[in-house]
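My questions are about this predicted structure, shown below with the sequence.
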Protein chains: 2
Amino acid sequence: MGTAAGQKFQVVAGGSVTTPKGFQAGGLHCGLKKTERYDLGVIVCEVPAAAAAVYTLNAFQAAPLGVTRESVAASGGRLHAMLVNSGNANACTGKQGEADAYEMRSAMAAALGLPEHYVGVTSTGVIGEPLPMERVRKGIAELPARVHAEGGGDFCQAILTTDLVKKEVCVKVSVGGKDVYIAGAAKGSGMIHPNMATMLGFITTDALVEPADLQGLLSGVTDSTFNMITVDGDTSTNDMVVVMASGLASAERLAPGHPDWDAYKEGFQHVAEYLAKAIARDGEGATKLVEVQVNGAVSQNAARAIAKTVIGSSLVKSAVFGADANWGRIIAAVGRAGQPVNVDTVDIYLGDIAVLVQSRPVRFDEDRAAAYLQGDTVVFRVELNMEDGNATAWGCDLTYDYVRINAAYRT
Amino acid sequence: MGTAAGQKFQVVAGGSVTTPKGFQAGGLHCGLKKTERYDLGVIVCEVPAAAAAVYTLNAFQAAPLGVTRESVAASGGRLHAMLVNSGNANACTGKQGEADAYEMRSAMAAALGLPEHYVGVTSTGVIGEPLPMERVRKGIAELPARVHAEGGGDFCQAILTTDLVKKEVCVKVSVGGKDVYIAGAAKGSGMIHPNMATMLGFITTDALVEPADLQGLLSGVTDSTFNMITVDGDTSTNDMVVVMASGLASAERLAPGHPDWDAYKEGFQHVAEYLAKAIARDGEGATKLVEVQVNGAVSQNAARAIAKTVIGSSLVKSAVFGADANWGRIIAAVGRAGQPVNVDTVDIYLGDIAVLVQSRPVRFDEDRAAAYLQGDTVVFRVELNMEDGNATAWGCDLTYDYVRINAAYRT
């Protein structure tokens, strides 16, 4: 465990979604992916956990999202189990797709001995192909036997598609003197763009917290984490983040106003931000994480829009791949974000290297800049020097491998 | 010359910006490009031509745009000459950049014996580097000797940066029984995105038309041509389209309401659309032109937004490069455009191959689809089946070469 100065949470090394009390998980290969990798997984809570979720803003939402939304509503904000498959998105699959998503829910509920409305379902993978339900049914029937207290890593495997690495994180917060855990797992590598479009995220916690407070927390944190990453500007039909709170930490009930709410929120923010950055760094074909900080905008929304425009620029992304300190592409992106800027007061930094001051190019050490851009994390800082709107966005470089992966994903 | 059925104009094979009466042009290499290619050019009209222009919406507009805008305003909508350099954008170059742009104007005016306010200036190339004015001055002094009646092709060379091919076109329209010509030249290959961000375009015509009518025509046509192309979503600081009308065709004065205005407008539209498509096809690294037609949207603006979102999708563009009939990425892009869609009534066609009908996947011949996608022009048609808003956008595929070109443009 490590604690940075002033940090109200501790990172739990090796933690996963099964670290918070009350959660088990598992995964297996049922045949949706061509290779033998896991493609079906579930998180199960001992009790009906307080639940909250955010969903893609894409007009075409995949069938499982409607099923999960219905479960959360019907159960008054509770989920007992969250089922996921990868390899097939069950999106644009019509009435059959809806029926399949409902059947996945009822089969999982039956296998676990739970009421249907305590089960959520989500899918990720290719759009528009019917689910091979024969394999899915068989997999769901076998899944309960694969669920165990150390199964967080297996679950994390089961949600990946073109991802190269598992993305999981766990933190510990003290609530009224008791340890409370927050953990998360995520997938996402392509079709990644702000507005909950990004990915699948699963957060578990053993805090005692009401569904409405959990929803408020998740929505707020999502705006500054998951919604601030982009790989390619493409918003998916399927993606969502769901959080389940077991309340089994034996700690006090948490709500806004509790003396430890801020610490809990900080830990939650860390989990979400860690996963968001891990997704950006693992962007399809990416060789590095790119962070864009925008300060001094006229509002937070303006700062967010500018940061997202810069992080989404194919020209900026290509320049990072080429370790080219091409700040002209950054300022061009700032200028086309549709937000107020003072064209005479912009400063731009690559790491701590000033390249533009008061909108004027300054002489800088090109070799040092190139060396900085070759690192595995690149931070661009844009100081607008107007008001106090700040935001940070994350993305990755645009590489030959992005093209290779996406020129032949389906075939 | 060829005439399609019902077409009110004729394409003039081999025509260029010097085909309309009254125009001469020229180009030379003054040393802004590293290789010996032309990097300085000018179009000169015998008389002060009626002029109109549209400019980038980027907040950071390069110095020459302000100079051109000032000339057009000071001369009451007239330009005698239009100077251009490539290889250096003179953008984000501060007070010195402004002074350099004004000096280019005064030097060109002096060399041609014209008042300053009859000269426009534009630049394209790297952002943020000071112009090597020594070379520019020398080039401008030599330029008048290089101007001639067949110089359209030389001019067209001088405006290119990463472009692989020259982009020029000429049409002929009958106005009151007299031949009137409209011709255009354009550059643009990267940093190409809707909203006059796209490129440099130069249109000449010998029609007799008032500046205000010319501006109305240009603005309207730009919205459905130059503003409907995208290569990478990046809006440049420099780009503009300028039109000069000499009035020397000895034809009647044209204005809205003239019996031949529609024919003239149709010819003008063809010139703009031809150049826009040529830019998209020559997008950095592109192997083909992609056209996205959106019909049946709730409004023309909605159709335009959806068409631009689809054409701008890195995933759609990669799939086209891979000849992968991945319509899931198209519908995902339609769904994230932020426009009303009926999720149950969408049809999608690749060429004439239906792949989605009433939002349901239909069986199609994958081999035929792959063969179609390997052609040099790919048309996606999205039928929303709601109201009568229609639009067409153009772009290109996303390839390894796009990344290669942009990872090392500046260095």
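Yes, it's here. Numbering: from 1, shown residues only, chains lettered A, B, ... in the order given.

partners of the host helix or strand of A:I203, with directions?
Applying DSSP states H and E as the criterion places A:I203 in strand A:200-205. In the sheet containing strand A:200-205, its partner strands are strand A:178-187 (antiparallel), strand A:240-245 (parallel), by DSSP bridges.

in the shortest one, what's buried?
Looking back up the chat, that one is strand A:240-245. A:240-245 (16 or more other Cβ atoms under 10 Å in any protein chain shown). (C-beta placed from N, C-alpha, C; glycine too.)

ok, so of these, who is nearest chain B?
A:M240 (14.8 Å; Cβ to the nearest Cβ).

Now do the contacts for that closest one.
A:53-56, A:65, A:68, A:122, A:196, A:200-201 (Cβ atoms under 8 Å, 6 or more residues apart in numbering or on different chains).

ok, now how distant is A:E103 from A:P64?
11 Å (Cβ to Cβ, to the nearest Å).

quick one, which of these two is more surrounded?
A:P64 (29 against 17; other Cβ atoms under 10 Å in any protein chain shown).

chain center to the longest helix along chain A, what's the gap?
Identified as the longest helix of chain A according to DSSP state H is helix A:261-281. Centroid separation between helix A:261-281 and its chain, computed with Cα atoms, centre = their mean, to the nearest Å, is 9 Å.

now swap in stretch A:47-63 and tell me
Relative to its parent chain, stretch A:47-63 has a centroid offset of 13 Å by Cα atoms, centre = their mean.

and it, how far apart are its ends?
Stretch A:47-63 has an end-to-end distance of 26 Å (criterion: Cα to Cα, to the nearest Å).

buried stuff in that stretch?
Buried residues in stretch A:47-63 (16+ other Cβ under 10 Å): A:48-63.

In helices, which of the residues you listed fall?
The helices, defined by DSSP H, take in A:A63 from those.

now, which of the buried residues of stretch A:47-63 sits nearest B:I306?
Comparing the buried residues of stretch A:47-63 against B:I306 with Cβ to Cβ places A:A59 closest, at 10.2 Å.

For burial, what's the neighbour tally of the closest residue to the closest one other than its chain neighbours?
Using Cβ to Cβ, 6 or more residues apart in numbering or on different chains and skipping the chain neighbours, the partner closest in space to A:A59 is B:G335 (3.9 Å). By other Cβ under 10 Å, the residues close to B:G335 number 26.

swap in A:D223?
Neighbour count of A:D223, defined by other Cβ under 10 Å: 19.

now A:V11
18.

do the same with A:D388
Neighbours of A:D388 under the rule other Cβ under 10 Å: 11.

With adjacent residues omitted, what lies nearest to A:W327?
Nearest non-adjacent residue to A:W327, counting by Cβ to Cβ, 6+ apart: A:V355, 4.5 Å away.

and the longest helix of chain A, which residues are buried?
A:261, A:263-281.

Do that helix and chain B come into contact?
No - residues of helix A:261-281 contacting chain B under Cβ under 8 Å from any Cβ of the partner chain: none, with a closest distance of 14.8 Å.

quick check: angle from that helix to strand A:178-187?
Inter-element angle recorded for helix A:261-281 and strand A:178-187: 20 degrees (by axes from the mean of the first three to the mean of the last three Cα atoms, to 10 degrees).

just checking, what packs against helix A:261-281?
Counting contacts by 3 or more Cβ pairs under 8 Å, 6 or more residues apart in numbering or on different chains; DSSP states H and E, helix A:261-281 packs against strand A:9-11, strand A:167-175, strand A:178-187, strand A:200-205, helix A:211-224, strand A:289-297, strand A:389-396.

Contacts for the last one next, please.
Yep, that's strand A:389-396 we're talking about. So strand A:389-396 is contacted by A:194, A:224, A:228-231, A:276-277, A:280-283, A:285-304, A:306-308, A:310-312, A:317 (Cβ under 8 Å, 6+ apart).

now A:L32: how far from B:A74?
68 Å.

higher neighbour count, the two?
Using other Cβ under 10 Å as the criterion, A:L32 and B:A74 rank with A:L32 on top: 23 against 13.

residues in contact with that one?
Taking Cβ under 8 Å, 6+ apart, one finds A:39-40, A:85-88, A:125, A:131-132, A:135-136 in contact with A:L32.

For it, what are phi and psi?
Backbone torsions for A:L32, taken as degrees, to the nearest 10, come to phi -80, psi -30.

Could you check the pLDDT of it?
At A:L32, the pLDDT value in this model is 93.

Now it. Nearest residue, chain neighbours left out?
The shortest distance from A:L32 to any non-neighbouring residue, by Cβ to Cβ, 6+ apart, is to A:G87 (3.3 Å).

in the stretch 251-400 of chain A, which spans are helices?
Counting by DSSP state H, counting those that start in this stretch, the stretch 251-400 of chain A has helices at residues A:261-281, A:300-312, A:314-321, A:327-335, A:366-373, A:400-407.

does any part of the third one sit near chain B?
Yes - for a cut-off given as Cβ under 8 Å from any Cβ, helix A:314-321 has contacts with chain B, namely A:314-315, A:318-319, A:321.

Strand partners (parallel or antiparallel) of whichever helix or strand A:I43 is part of?
Secondary structure from DSSP H and E places A:I43 in strand A:40-55. According to DSSP bridges, strand A:40-55 forms sheet pairs with strand A:23-28 (antiparallel), strand A:78-88 (antiparallel), strand A:240-245 (antiparallel).

Run the chain-centre distance for the first one.
Just to be clear, that refers to strand A:23-28. 19 Å.

The lowest-mean-pLDDT helix or strand in chain A near chain B anywhere?
In chain A, no helix or strand scores lower on mean pLDDT, DSSP states H and E than helix A:400-407, which sits at a mean of 79. Yes - legend: contact between helix A:400-407 and chain B by Cβ under 8 Å from any Cβ is shown at A:400, A:402-407.

now do stretch A:358-366
Yes - for stretch A:358-366, a contact with chain B is found by Cβ under 8 Å from any Cβ, at A:359-361.

ok, of those residues, which come out buried?
A:359-361.

Which one of those residues is nearest to B:G176?
Using Cβ to Cβ, these come closest to B:G176 at A:S359, 51.3 Å.

For the residue lying closest to the closest one once chain neighbours are set aside, the count of nearby residues, please.
With sequence-adjacent residues excluded and distances taken as Cβ to Cβ, 6+ apart, A:S359 is closest to A:V346, at 4.8 Å. When neighbours are defined as other Cβ under 10 Å, A:V346 has 25 of them.

same question, A:P132
With other Cβ under 10 Å as criterion, A:P132 counts 15.

And the residue lying farthest from the centre of chain A, how far from B:N88?
Distance from the C-alpha centroid of chain A peaks at A:R363, with 38.4 Å (Cα atoms, centre = their mean). Remark: distance between A:R363 and B:N88 (Cβ to Cβ) = 17 Å.

re earlier: between the buried ones among the residues of stretch A:358-366 next to chain B, which is closest to A:L350?
A:P361 (12.8 Å).

Excluding chain neighbours, what is closest to the closest one?
Leaving aside its sequence neighbours, A:P361 sits nearest to B:G128 (Cβ to Cβ, 6+ apart; 4.6 Å).

now swap in A:G267 and tell me
Sequence neighbours aside, A:F9 is the residue nearest to A:G267 in space, at 3.5 Å (criterion: Cβ to Cβ, 6+ apart).

Find me the pLDDT at that neighbour, would you?
So A:F9 comes in at 91 (pLDDT).

got the contact list for it?
A:171-173, A:182, A:263, A:266-267, A:270.

Ok, A:L248 next?
Residues in contact with A:L248 (Cβ under 8 Å, 6+ apart) are A:20-22, A:46-47, A:206.

Arrange these in a markdown table, one row each, with pLDDT as further columns.
Shown next, in a markdown table, are the contacts of A:L248 (pLDDT from 0 to 100):
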| residue | pLDDT |
| --- | --- |
| A:P20 | 94 |
| A:K21 | 94 |
| A:G22 | 93 |
| A:E46 | 94 |
| A:V47 | 93 |
| A:D206 | 86 |
